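Engineer: Have a look at this prediction, sequence included:
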Amino acid sequence: MRPSGTVDAEAVITEIYPAGSRIRDLLLRHGEQVAQKALDVMDHAQWLKPDRVFVLEAAMLHDIGIGRTRCPELGCTGELPYLCHGVEGKRMLGDVGLTAHGRVCESHVGVGIRAEQVLRRRLPLPVRDMVPSTVEERIVCYADKFFSKGKNGGREKSTEEITAGLARYGPEEAKRFMELHHALTRSPQ
């Protein structure tokens with residue numbers, strides 16, 4: 001359940017990653033891109049009736065776990081594999097009482113990860129389904145796919161680029177993204 005009131009996402013990020021740090025700046029820049037894309041989706045798909053404030057907060061916080069992972073190209077010098085940033089973000093936000101926001105962290109990786117994928121691929125993750133289930137989780141997961149955090153992080157990707165990137169992990173991933181795309185961009189009849 002979501003705590004009442006609003007969350008100052010920048011303050012939460014800054015509490016963990018000090019002002020001026022590369023990771024903080026990266027999280028704020030990427031979070032703003034994802035939040036703007038999520039806002040565009042919500043404006044277009046008003047029939048979804050998401051909690052807009054929560055979506056924007058979660059969009060800013062969804063990658064908070066990256067600093068605890070090993071990803072030198074992003075300036076992340078932690079010990080965990082990058083794939084674990086969602087699970088770690090869920091733990092971190094849960095520690096400060098933001099469990100619903102943490103659920104977004106966990107479920108946005110890929111197009112969500114299923115327990116059977118964890119087992120089949122021997123992923124360093126808990127064996128459980130970690131897929132977006134609420135409309136808010138789906139919106140953040142979807143919006144995140146349009147932006148990288150790396151050197152081309154400022155440019156919005158096309159759906160074709162996204163599906164091609166996801167297809168590297170199997171055709172099911174690209175298919176699930178397109179199902180999400182259609183669910184969030186096509187008005188119900």
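Structural biologist: Okay, I see it. Numbers count the residues shown, from 1 in each chain.
Engineer: Need the per-residue pLDDT for the most centrally placed residue in the chain.
Structural biologist: Central residue of the chain (Cα atoms, centre = their mean): His108, 3.9 Å from the mean position. Confidence at His108, expressed as pLDDT, is 97.
Engineer: Spit out the contact partners of it.
Structural biologist: Counting by Cβ atoms under 8 Å, 6 or more residues apart in numbering, His108 touches His62, Gly86, Pro132, Glu137, Val140, Cys141, Asp144. Heads up, the C-betas are built off the backbone N, CA and C, glycines and all.
Engineer: Out of these, who's the most crowded?
Structural biologist: Ranked by neighbour count under the definition other Cβ atoms under 10 Å, those are headed by His62 with 33 neighbours.
Engineer: where does the protein have low pLDDT?
Structural biologist: For the chain, the stretches with pLDDT under 70 are 1-5, 152-153, 189.
Engineer: Would you map the helices across it?
Structural biologist: 9-16, 22-44, 52-61, 85-95, 99-107, 115-121, 135-144, 159-167, 171-185 (DSSP state H).
Engineer: closest to Gly150 out of those helices?
Structural biologist: The closest of the helices of the chain to Gly150 is helix 22-44. By Cβ to Cβ, the value is 9.5 Å.
Engineer: any idea how far Leu61 is from Thr6?
Structural biologist: 12 Å (Cβ to Cβ, to the nearest Å).
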